[in-house]
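1. got a predicted model here, sequence first, then my questions.
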Amino acid sequence: MPYARNSIDGTRVYFEDDGGGGAPVVFYGGLVDSVEAVRLSPIAQALPADQFCLVYVDHRGVGRSDKPHERAAYAMRLRVADAVSVLDAMGVRRAHFVGTSYGGRLCFGIGEHAPDRVLSLVIGGQQPNRMDPDTALGRLITESLAASRAGGTMEPFVDALAKWAGAPLPADKRALWLDNDPAAIEAASAAMLAESDIAVNLRSWQFRCLLFVGAADVDFFDGAQRAAREIPNAEFVPLAGLDHIGAHLDQDPVLAAVLRTLDADAQGDSDAQADVDVWALGLAARGVVHGEEHSTKRTLMPR
């Protein structure tokens, strides 16, 4: 099995490399998303495998990666070192990174602490500042994960997410989210909620970034929009009518912008990127055309 080993603390990180001759695109999902769950995401399924080298990674604490139970093991510097160790194991200098929710927060950390390893960042449903554990979502996460750790099952947490979403979760996602170690996930979440700002030098970032977030995501929308304004080469895409979980599950409206971001290095960074061939994303089979189904606005942030 393909593992990378963190050079700081020796943690083993599981990843899957699908090969391909193009630039590497490294995927990180949410707090409880294993490689199998990330593979189900619309972005992962839409990217042309013949144009990119697609790589999927289990966060420490998730899937087949090591699962420490101590909060200190999930410090951002260690998580960034995990990402670097995967590139080193592949013999790759730089990569595109796609991260959503918890994975999006990691992408901010990679951009801040390992900018020389970045081709571009696609960040969904996150912002780079200290999180407020006293919001409704923060309390839901803390309380339900405490119950999950005490009971030895992820059911309280997964059920709480479904209640927050206001609808049953997709059966495949629910099964994968339940297949996690409650103690490891609770430790990872506690570390995230306790950490300070993770990216304070956004104006110095030189790589291309795409930030997308649900317009109804009260926890992350404002911070993500502010971050996009600070990053010199950022595009911001708000997803109308979606909250945090909705934007995590429904990424179709942002797919064309994702390919535009990933293609920038190969084709040049210009307004011509707006003319992405949506068919190359495999959207025709879904009946999704950029600008339809959701009121999705592309915003190039002012410099």
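-> It's in.
2. quick one: the helices in the stretch 101-250 of the chain?
-> For the stretch 101-250 of the chain, the helices defined by DSSP state H, counting those that start in this stretch cover 102-113, 136-151, 155-165, 171-178, 182-194, 221-230, 244-249.
3. return the most buried member of the ones you listed.
-> Per residue and on average, the most neighbours among the helices of the stretch 101-250 of the chain fall to helix 102-113, with a mean of 25 (mean count of other Cβ atoms under 10 Å). All C-beta atoms are positioned from the backbone trio N, CA, C, and that covers glycine.
4. what packs against that helix?
-> Judged by 3 or more Cβ pairs under 8 Å, 6 or more residues apart in numbering; DSSP states H and E, helix 102-113 is in contact with strand 23-28, helix 76-90, strand 95-100, strand 118-124, helix 182-194.
5. switch the cut-off to 7 Å
-> Applying 3 or more Cβ pairs under 7 Å, 6 or more residues apart in numbering; DSSP states H and E, one finds that helix 102-113 contacts helix 76-90, strand 95-100, strand 118-124.
6. would you format the ones you listed as a markdown table with distance to residue 150 included?
-> As requested, these are exported to a markdown table (distance: least, Cβ to Cβ, whole Å):
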| stretch | distance to residue 150 |
| --- | --- |
| helix 76-90 | 25 |
| strand 95-100 | 28 |
| strand 118-124 | 31 |
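7. nearest to residue 256, of those?
-> strand 118-124 (12.3 Å; Cβ to Cβ).
8. so what's the closest residue to residue 76 other than its chain neighbours up against?
-> Take residue 76 and drop its neighbours on the chain: the residue closest to it by Cβ to Cβ, 6 or more residues apart in numbering is residue 109, 4.5 Å away. Contacts here follow Cβ atoms under 7 Å, 6 or more residues apart in numbering; on that basis residue 109 touches 76, 79-80, 198-199.
9. that older thread, can I get the helices of the stretch 101-250 of the chain in JSON lines with distance to residue 52 and mean pLDDT?
-> Shown next, in JSON lines, are the helices of the stretch 101-250 of the chain (distance: least, Cβ to Cβ, whole Å; pLDDT from 0 to 100):
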{"stretch": "helix 102-113", "distance to residue 52": "17", "mean pLDDT": "98"}
{"stretch": "helix 136-151", "distance to residue 52": "32", "mean pLDDT": "96"}
{"stretch": "helix 155-165", "distance to residue 52": "30", "mean pLDDT": "95"}
{"stretch": "helix 171-178", "distance to residue 52": "23", "mean pLDDT": "96"}
{"stretch": "helix 182-194", "distance to residue 52": "28", "mean pLDDT": "98"}
{"stretch": "helix 221-230", "distance to residue 52": "24", "mean pLDDT": "97"}
{"stretch": "helix 244-249", "distance to residue 52": "22", "mean pLDDT": "93"}
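10. quick one on the thing from earlier: quick check: the gap between the residue nearest to residue 76 and residue 129.
-> For residue 109, the distance to residue 129 equals 12 Å [Cβ to Cβ, to the nearest Å].
11. what do you get for residue 55?
-> Distance, residue 55 to residue 129, using Cβ to Cβ: 28 Å.
12. which one of the contacts of residue 109 is nearest residue 62?
-> residue 79 (11.5 Å).
13. surely that closest one meets residue 108?
-> No. When contacts are counted by Cβ atoms under 7 Å, residue 79 is not listed as touching residue 108 (10.8 Å).
14. quick one on the thing from earlier: ok, which pair from the contacts of residue 109 is furthest apart?
-> Longest distance between any two of the contacts of residue 109 is 13.1 Å, between 79 and 199; criterion Cβ to Cβ.
15. between those two, who's got more neighbours?
-> Remark: of residue 79 and residue 199, residue 79 carries more neighbours, 28 against 21, as counted by other Cβ atoms under 10 Å.
16. what's near enough to touch that one?
-> Residues near residue 79 by Cβ under 7 Å, 6+ apart: 60, 106, 109.
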